[in-house]
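1. mind folding the following:
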Amino acid sequence: MFCYKCGTRVSSEALFCEKCGTNLKDNTKEENLNDSTIQVHNIRQALKQNIEKDRVNALTLDKPNVNITDSNLNKEDNNKTCCKIPFYKNINVVMPLLSAVITVSLTCTYYFYQVSISKSVEKNRITAENMALQGNISGAYPIIDKALSLRPNNETLKADKKFLQDGEIVNSHINVLDSYIKKKDYNKALNELDETSNLISDKAGAFYSLLNKNIDNKKMGITVLQIKNEMNNKSSIEDLAELLNKISNYNVKEASETAAELRKRISSIAYDTANEYLKKNDFTSALQTLNKGITYNPNDKKLINFKQIIISEKNSFEAAEQTRLQNAMASAAMEDKNNKTNAVEVTSTSTSVNKYGDFVIKGNIKNIATKPISSVQIYYTMYDSNNTELGSDSTYVYPNHLDINDTGQFENTEYGTSKGHHIKITNITWVLPQEDNYENK
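-> Predicted coordinates for the structure are as follows:
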């Protein structure tokens, strides 16, 4: 049973609506008063008038000369007259009794007839409401119409018919969804459902709850179809995760199956992408990608195991990298030391005394450093044939700048040193790029 004012479903025994407080029995009382009680009352009044008329007529027949309107009618005479006539022939007694019997019979017959109609109407109303709550709105319509034909003033029946009309409007909107779905125009289908929901947004009660539930179920089904269609065009974890978050709001089998497929695809993309990062030794990006996949699929053993592998390889790589770094630093230190202390190799030297009695010194050097050098200066000591020291001097290499593995020459003439025989290089200095001078002693 529905409240005929607000539409809330109530028990058939309820006296008042739990939502709006309407007296649910007023309608029944008013109906009985209009349809039964008033008519019975009118019949009783009519029969009562007939009894009085019959009594007056009987008196008139016995005493034609008596003025029936005389206010001083002698009661004693009447009693005497009645006593002279047998009981069953006394019309003054029989007619009232007969009228009373007829009145009672008609009243009871009419009462039970009205009760039968009321029971039939109530039965039809309950049947129609149950059918409507089961979604069979079209089947409930003729039952309500039949009940209204018997009780056209019943407010509850009128309210029920209004509910059914709203249900038909909702169904008419739902019926157009198939055309949108066939065209895969899911946005239009969802907009249609939003408009339908707005039509009954201000209505309350069990029947409207059913209609809203039907609308929500349709939205859920269309959303699942839309996500299934869109997921085939998504290739990133973020895009698939957005669809997964949307469909996770629905707790039905088809939505759960679609969500499982989305998680599977997210895991596959996370696994492949992490592998690509691993090839480049980009462990940070690989782990970040796997963590995204695990966030949306926390029970994926494949991702969890792969994460442990990457962590292990990361640790091994970092340990090896640390070793390589230490070796590189040691090598660099050694290289730097060599560049500073052993950058020049003297490949040859020669000495002679020219015709002027001057001691001529010549030689060749090579840059064996790992960097270019410049301003190479050769320091030497001169000796005679008896290996007696004659003095010391220095000279610069030409060209001034020597790239790696380049060679240079040096030459110097010691004037007035005719006894010169040979030299001994005592020191070499050079300059590294943007650095101070270094020497090889």
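
2. only C-alpha atoms for contact and neighbour calcs from this point on.
-> OK.

3. any idea which helix is longest in the protein?
-> Across the chain, the longest stretch assigned as helix under DSSP state H is helix 91-133.

4. can you name the next helix or strand after that one?
-> Next helix or strand after helix 91-133 toward the C-terminus (DSSP states H and E): helix 137-150.

5. tell me the angle of that following helix relative to helix 91-133?
-> Between helix 137-150 and helix 91-133, the angle formed by their directions is 160 degrees, by axes from the mean of the first three to the mean of the last three CA atoms, to 10 degrees.

6. helix or strand right after the helix or strand in which S268 is found?
-> Element membership of S268, judged by DSSP H and E, is helix 253-279. Using DSSP H and E, the helix or strand that follows helix 253-279 towards the C-terminus is helix 283-296.

7. which other helices and strands does that following helix contact?
-> In terms of contacts (3 or more CA pairs under 8 Å, 6 or more residues apart in numbering; DSSP states H and E), helix 283-296 is packed against helix 237-247, helix 253-279, helix 301-341.

8. which helices and strands sit right next to the longest helix of the chain?
-> Judged by 3+ CA pairs under 8 Å, 6+ apart, helix 91-133 is in contact with helix 38-62, helix 137-150, helix 155-175, helix 206-231.

9. cutoff 7 Å now
-> helix 38-62, helix 137-150 (3 or more CA pairs under 7 Å, 6 or more residues apart in numbering; DSSP states H and E).

10. tell me the angle the last one makes with helix 155-175.
-> Here helix 137-150 points in a direction 160 degrees away from that of helix 155-175 (the same axes, to 10 degrees).

11. avg pLDDT for helix 137-150?
-> What helix 137-150 shows for mean pLDDT is 77.

12. what do you get for the longest one?
-> Throughout helix 38-62, pLDDT has a mean value of 53.

13. with stretch 113-129 instead?
-> Rounded mean pLDDT across stretch 113-129 is 76.

14. and that stretch, what's buried?
-> Neighbour-count burial for stretch 113-129, counted by 16 or more other CA atoms under 10 Å, picks out 114, 118, 121-122, 124-129.

15. state the three-state secondary structure for K203.
-> Following DSSP: H, G, I helix; E, B strand; the rest coil, K203 is assigned to coil.

16. okay, now it: neighbour count?
-> 16 (other CA atoms under 10 Å).

17. and it, how close does it get to K146?
-> K203 sits 26 Å away from K146, going by CA to CA, to the nearest Å.

18. need the contact list for Y141.
-> Applying CA atoms under 7 Å, 6 or more residues apart in numbering to Y141 gives the contacts L164.

19. so where is the stretch 301-441 of the chain shaky, pLDDT-wise?
-> 434-441 (pLDDT under 70).

20. can you show me the strands along it?
-> For the stretch 301-441 of the chain, the strands defined by DSSP state E, counting those that start in this stretch cover 344-353, 359-367, 373-383, 389-396, 401-402, 407-414, 422-431, 437-440.

21. measure the nearest residue to S392 once chain neighbours are set aside to S352 for me?
-> Once flanking residues are discounted, S392 sits nearest to T381: 4.2 Å by CA to CA, 6 or more residues apart in numbering. Separation of T381 from S352 (CA to CA): 15 Å.
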